[in-house]
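Chemist: Build me a model:
(one chain, ligands or ions: 1)
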Amino acid sequence: MANLKRYNDGLFKLDLWIRRLLTIGESGALYTALCDGVCDIVGAGTAVFTTIDIQAGTLTYMAASGGWNAMVKGLAVPMKSGNLCASVVACGTPLRIDRISSRADSCELLQVMDMDAALLVPVLEEGRVTACLSAFRVGNPFDQIDEQLLQQYAHTAAMVLRTVHLMVDLRRHAAMLEEENDERTRAEQKLAETNVFLNSVVDGVAEPMVVVGLDRRVIMTNRAARDFFQIAEAGSDEACHRLIHHRDTPCVRDEGMRCPLLDVRTAKRPVIATQEHRDRSGDKRVVEVMTSPLLGSDGTAIGIIEAFRDITDRRQAEETIRQMAYYDSLTGLPNRRLFNDRLRQSLALAQRSKRLLAVLFLDLDRFKLINDTLGHAVGDKLLMQVAKRLKGVCRRDGDTVARQGGDEFIINLSVISDVKDALKVAQKIIDSLRTPFVIDGHELFITTSIGISVFPYDGRTSDALVKNADFAMYRAKEQGRNNCQLYTPEMNSKAFERLSLENDLRKGLEREELVLYYQPKVNVDDGQISCMEALVRWQHPTLGLVPPARFIPLAEETGLIVPLGEWVLRTACRQNREWQKAGYPPMQVAVNISPRQLQQGSLVEVVERALSDSGLAPRWLVLEVTESIMMDGTESTLATFRVLERMGIHIAIDDFGTGYSSLHYLKKFPIHALKIDRSFIRDITTNPDDEAITSAVITMSKGLNLKVVAEGVETVEQLEVLRALQCTHMQGHLFSRPAPAEQFAPVFGRAAGAYLGFGTWC
Ligand SMILES: Nc1nc2c(ncn2[C@@H]2O[C@@H]3COP(=O)(O)O[C@H]4[C@@H](O)[C@H](n5cnc6c(=O)[nH]c(N)nc65)O[C@@H]4COP(=O)(O)O[C@H]3[C@H]2O)c(=O)[nH]1
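Modeler: Numbering: from 1, shown residues only. Next up is the predicted model:
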């Protein structure tokens, strides 16, 4: 009865401990409670829970009851055959030991525990021994009831342990899942942030960018691209030819539309191409597309990245520059440079194909008259209309109509079969100009003179052909204008050179190629500049600075001296006035007047205009004339001189001594000064005759109350002789060579008297 009661009590306790164990969710605490349960159920002094790792061959003390727990917990020992637990594992049945000390296989631990009796039961999981529950006590040995209770406890505990282990595993899994979930959320968040960052970077790029897949679908676009191509969404997944080129089918190379996708796949590197697109407002834009391959993580191409740059403005600027460099801004025709390029190309072709080529050189007849009388604006419009008519005549491919400059045009007939063809074209041009031009209400008639040169007869280079066509054009002018002339070798002679120089001078006057140099006349008494003589120079575009000796006689012969002389007069008066305004010591300016200007009969008006336009007072102007003017002069010359004198203008006789040296005329004409020709001065120190003549002229001049100026003083010795002869005014290289006006400013600034350094100023 007592045993039954003990057994029932034990079962009751067992039930309580099992319930308690089920409330513990953590393994460590569970094992300790398990051991405490053993002590309570079977009345043990202490209990130990040991797990077995068969494969590793170890026993691990997982927990012990009471104070032993801290000592044994976690202790792993090899599963030796002498070990009590090992015996339980080996046979899989409980083991009861009444006197531990009598057992040879009791382990050191038990000996330390100093226990008498032991009861060990296996803990089975799915039929395998996985652990051992051991109860120990001092005194009474364990009996059958204890063994049954402990076995029952071990059996139930095994289920609890499994349940708890499952729950722990579940919890661990749940925690791992949660952690994984958090990690995924964090990764997704990071990805989203990266995407926002990348999109804002890509959107921040000012140039349009489009990413296209190998299937031609647009994967991505930036804001600039969406704006430019009017795409609604960033990755619209539409085909690129639709979105970008507004085509139903992909771009095909043979239609002249390069396909960047194909290009990049072929080249396997970035490719640059030019495309045309329409912008929002429908305007045509020229776009440069830089296409690069888009590579996947394994390095294979998965698409392309297209970066677009609008180069319309750059293209326009380039076109403007090209236009400016190669085209005439007034008529829009090719200019001389482009003409020469094209002529060289045509020549190479003509040489290869052994064909003829013609150059036509045109100059409009009396165009200057229209320009001068009706103004530049009308002249310009006339040139534009002439250009149009010329283009209308020369319409064949390869022909070039160019403006050479001014009223000159030049035409290249790149292929002709006969010289007559060139003559026919020239005649057509002459005919085309017959119909009058109506400009600003004026009906204008203009004709042209045309010179023709033909390759290979009249030259083999572009320069020779142009030059010879130019010569032929002069001949056409000579022949009475409004005609055409074929070049002949005789044209290339001195006479033609002169003719061409005359023509150049005419143009030079229009193009303001003339410049004035000045040479001072010095009063050696006080060292002051008393006068500046204006001496004209011609800044020829190819010949350089041409001296007057080369073109003044020609200008006189052709009458060009009249406009030229007027220009010199006006420029010199204006310059002197400017020097005065700048505060330099006042001095006269001397201008050479040619006989032709006097014969013209308008010298007085020209002088009056030059003075009033410049604001120069007449007393600061000297007109230098040669002796011959007085000798050849009629009463009208005398009358002109008298008017000029009354105006307050001074008149000087230039190169005195080389002509008649007539005293009679000196008395008759209102002369203020004499300039002794430099041929007397040159040898004045060595030739007593020259000295005597010079002395006589000086004495005579003083008698007539004339100022004397010695020309061409080059040395100090000449100066000393002249000074001894009482000549006070001198001019020559000793003081200064003729030089441009601006070079004298520093000289004028010097203190009075300092001019006589007798060195060269400029
Ligand atoms: N060897 C030498 N020569 C000196 C010396 N000092 C001055 N000369 C040169 O002598 C010439 C003096 O001018 P000119 O007798 O009127 O002779 C002038 C004048 O008759 C004419 N000329 C120059 N400008 C004009 C102009 O505007 N109108 C007209 N109608 N004739 C002009 O051309 C001529 C030559 O002018 P340029 O060549 O400038 O030559 C200038 C001058 O440079 C010197 O010490 N030694």
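Chemist: Can you name the residues that contact residue 153?
Modeler: Residue 153 is in contact with 14, 17, 18, 37, 38, 41, 121, 133, counting by Cβ atoms under 8 Å, 6 or more residues apart in numbering. C-beta here means a position set from N, CA and C on the backbone, and glycine is covered the same way.
Chemist: could you dump those residues to TSV with secondary structure and distance to residue 501?
Modeler: Formatted as TSV, the contacts of residue 153 follow (DSSP: H, G, I helix; E, B strand; the rest coil; distance: Cβ to Cβ, whole Å):
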residue	secondary structure	distance to residue 501
14	helix	141
17	helix	137
18	helix	135
37	helix	136
38	helix	138
41	helix	142
121	strand	139
133	strand	136
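Chemist: So which bits of the helix or strand hosting residue 88 are buried?
Modeler: Under the criterion of DSSP states H and E, residue 88 resides in helix 84-91. Residues 84, 85, 86, 87, 88, 89 are the ones in helix 84-91 that count as buried (16 or more other Cβ atoms under 10 Å).
Chemist: which residues touch the fifth one?
Modeler: Just to be clear, that refers to residue 88. Contacts of residue 88 (Cβ under 8 Å, 6+ apart): 94, 95, 120, 121, 122, 129, 132.
Chemist: measure it to the ligand for me?
Modeler: 140 Å (Cβ to the nearest ligand atom, to the nearest Å).
Chemist: Low-confidence ranges, the chain, go.
Modeler: Applying pLDDT under 70 to the chain picks out residues 81-82, 104-112, 233-236, 252-258, 492, 494-496, 631-634, 658-663, 749-762.
Chemist: isn't residue 469 right up against residue 359?
Modeler: Yes. Contact criterion Cβ atoms under 8 Å: residue 469 and residue 359 qualify, at 4.4 Å.
Chemist: Identify the contacts common to these two.
Modeler: 410, 452, 453.
Chemist: after the helix or strand harbouring the first one comes which helix or strand?
Modeler: Right, residue 410. Secondary-structure assignment from DSSP H and E places residue 410 in strand 408-416. Per DSSP H and E, the first helix or strand lying C-terminal to strand 408-416 is helix 419-432.
Chemist: For that next one, name the packing helices and strands.
Modeler: Contacts defined by 3 or more Cβ pairs under 8 Å, 6 or more residues apart in numbering; DSSP states H and E place helix 419-432 against strand 356-364, helix 376-393, strand 408-416, strand 448-455, strand 484-486.
Chemist: any idea how far the residue lying closest to residue 259 once chain neighbours are set aside is from the ligand?
Modeler: Distance criterion Cβ to Cβ, 6 or more residues apart in numbering; nearest residue to residue 259, sequence neighbours excluded, is residue 251 at 4.2 Å. Note on residue 251: its distance to the ligand, by Cβ to the nearest ligand atom, is 71 Å.
Chemist: re earlier: just the shared contacts of residue 469 and residue 359 now: which is nearest residue 611?
Modeler: Nearest to residue 611 among the shared contacts of residue 469 and residue 359 is residue 410, at 42.4 Å by Cβ to Cβ.
Chemist: quick check, distance from stretch 540-551 to the centre of its chain.
Modeler: How far stretch 540-551 lies from its chain's middle: 41 Å, per Cα atoms, centre = their mean, to the nearest Å.
Chemist: what about that stretch and the ligand, touching?
Modeler: Yes. Against the ligand, stretch 540-551 shows contacts by Cβ under 6 Å from any ligand atom at 547, 548, 549.
Chemist: So which elements touch the host helix or strand of residue 120?
Modeler: For residue 120, the host element (DSSP H and E) is strand 117-125. Counting contacts by 3+ Cβ pairs under 8 Å, 6+ apart, strand 117-125 is packed against helix 84-91, strand 95-97, strand 128-137, helix 144-204.
Chemist: Drop anything exposed from the contacts of residue 88.
Modeler: 94, 95, 120, 121, 122, 129, 132.
Chemist: now the residues you listed as JSON lines including distance to residue 270?
Modeler: What follows is the buried ones among the contacts of residue 88, written out as JSON lines (distance: Cβ to Cβ, whole Å):
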{"residue": "94", "distance to residue 270": "83"}
{"residue": "95", "distance to residue 270": "83"}
{"residue": "120", "distance to residue 270": "80"}
{"residue": "121", "distance to residue 270": "80"}
{"residue": "122", "distance to residue 270": "76"}
{"residue": "129", "distance to residue 270": "72"}
{"residue": "132", "distance to residue 270": "75"}
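Chemist: Okay, helices next: where are they in the stretch 401-550 of the chain?
Modeler: Here the stretch 401-550 of the chain has its helices, by DSSP state H, counting those that start in this stretch, at 419-432, 462-478, 494-510, 548-558.
Chemist: thinking again about what came up before, just want the angle from the strand holding residue 410 to helix 376-393.
Modeler: 10 degrees (axes from the mean of the first three to the mean of the last three Cα atoms, to 10 degrees).
Chemist: Of the helices and strands packed on helix 419-432, give the one that comes closest to the ligand.
Modeler: Between the ligand and the helices and strands packed on helix 419-432, the shortest gap by Cβ to the nearest ligand atom is with helix 376-393, which sits at 25.7 Å.
Chemist: Run through who's touching that closest one.
Modeler: Against helix 376-393 from outside (Cβ under 8 Å, 6+ apart): 330-333, 362, 364, 367, 370-371, 401, 403, 407, 409, 411, 425, 428-429, 432-433, 437, 439-440, 442, 444, 446.
Chemist: next one: stretch 21-33
Modeler: Contacts of stretch 21-33 (Cβ under 8 Å, 6+ apart): 17, 20, 34, 37, 49, 62-65, 69, 73, 157, 160-161, 163-165, 167-168, 171.
Chemist: Just the buried ones from the residues you listed?
Modeler: Buried by 16+ other Cβ under 10 Å: 17, 34, 37, 49, 62-65, 69, 73, 157, 160-161, 164, out of the contacts of stretch 21-33.
Chemist: List the contacts of residue 718.
Modeler: Here residue 718 is in contact with 681, 684, 685, 710, 732, 734 (criterion: Cβ under 8 Å, 6+ apart).
Chemist: Mind checking which of the residues you listed land in helices?
Modeler: Among these, DSSP state H puts residue 681 in helices.
Chemist: For the protein, which residues are neighbours of the ligand?
Modeler: 519, 534-536, 547-549, 552, 565, 568, 592, 594, 624, 654-655, 678, 712-714, 731-733, 738.
Chemist: Which residue ranges make up each domain of this structure?
Modeler: Domain assignment for the chain, taken from automatic domain parsing, gives 2-170, 207-316, 329-492, 514-748.
Chemist: Can you give the distance of the third one from its chain's centre?
Modeler: Looking back up the chat, that one is domain 329-492. Worked out by Cα atoms, centre = their mean, domain 329-492 lies 38 Å from the chain centre.
Chemist: what's around residue 156, how many residues?
Modeler: 16 (other Cβ atoms under 10 Å).
Chemist: which ones are touching the residue nearest to it when sequence neighbours are not counted?
Modeler: Leaving out its chain neighbours, the residue that sits closest to residue 156 by Cβ to Cβ, 6+ apart is residue 18, at 5.2 Å. Contacts here follow Cβ under 8 Å, 6+ apart; on that basis residue 18 touches 37, 153, 156, 157, 160.
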